[in-house]
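# build me a structure from this.
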Amino acid sequence: MKKLLLGIVLIVVLVAISWVKVSRDREREAASRLEGLKVGAAKIEQQQGKIDSLASLVGKQDSSIVESLAVRDSLLDSVTDSLSGVIESQGERIEQLKQEKYERSASPPVPEKSAPKKAAHKDILAFYKQEIEKLPPDLSDYERRVASEEIREETAKRFSITVKRLDEIREMYELDY
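Here you go, the predicted structure:
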């Protein structure tokens with residue numbers, strides 16, 4: 001019987017020790033949670049001031065964007081209005097030119113000469129080739145492509161033609177660079 005009583009006492013002591021340990025762990029967890037909440041609340045308060053200042057900055061930027069858009073819209077409206085007048089005057093001019101062409105149609109049209117065109121093409125291609133040849137040989141493929149695009153635009157601008165027309169001339173003379 002002593003052994004049974006001793007076994008029960010030991011089990012009770014073991015359960016009591018476990019219960020005390022679990023209680024302490026729970027208290028520590030509760031204290032840690034409470035401390036975490038306090039630290040989190042402090043950080044939130046710290047960041048709230050920054051959030052408020054950012055919100056006011058965003059509001060100011062929104063208003064300045066709205067104002068700049070209003071200015072842009074008014075400028076576009078004025079340009080559109082002036083373009084309408086230009087289009088109307090150009091329409092009238094086109095009608096006058098059509099009328100003059102109709103009146104002159106009694107005389108035979110003057111044939112265009114193709115020799116000056118070929119000479120102009122040769123001048124354009126000569127300038128283009130000369131500019132391409134000026135490029136340094138150590139350019140990467142990308143740099144060479146960008147430089148040749150710039151040279152095409154410069155050539156087109158210099159000879160008052162479009163880049164598309166320059167490409168057509170290059171194709172006509174089988175120039176692939």
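# from now on I want contacts and neighbour counts done on CA atoms only, so please keep to that.
Fine.
# immediately after the helix or strand in which residue 10 is found, which helix or strand?
Residue 10 is part of helix 2-104, with elements assigned from DSSP states H and E. Helices and strands here follow DSSP H and E; after helix 2-104, the next one along the chain is helix 114-133.
# got the CA positions of that following helix in CSV?
Only the C-alpha atoms of helix 114-133 are listed here, as CSV (Å, rounded to 0.1, in the frame of the first residue of the first chain):
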residue,chain,number,x,y,z
SER,A,114,13.2,61.6,-115.0
ALA,A,115,16.8,62.5,-115.3
PRO,A,116,16.7,65.1,-112.5
LYS,A,117,15.0,62.6,-110.3
LYS,A,118,17.7,60.0,-110.8
ALA,A,119,20.3,62.7,-110.2
ALA,A,120,18.5,63.7,-107.0
HIS,A,121,18.3,60.0,-106.0
LYS,A,122,22.1,59.6,-106.5
ASP,A,123,22.7,62.8,-104.4
ILE,A,124,20.6,61.4,-101.6
LEU,A,125,22.2,58.0,-101.7
ALA,A,126,25.7,59.5,-101.9
PHE,A,127,25.0,61.5,-98.8
TYR,A,128,23.5,58.6,-97.0
LYS,A,129,26.4,56.2,-97.9
GLN,A,130,28.9,58.9,-96.8
GLU,A,131,27.2,59.2,-93.4
ILE,A,132,27.0,55.5,-92.9
GLU,A,133,30.7,55.1,-93.8
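# buried residues, it. List them.
When burial is assessed from 16 or more other CA atoms under 10 Å, helix 114-133 yields the following buried residues: 121, 124-125, 127-128, 131-132.
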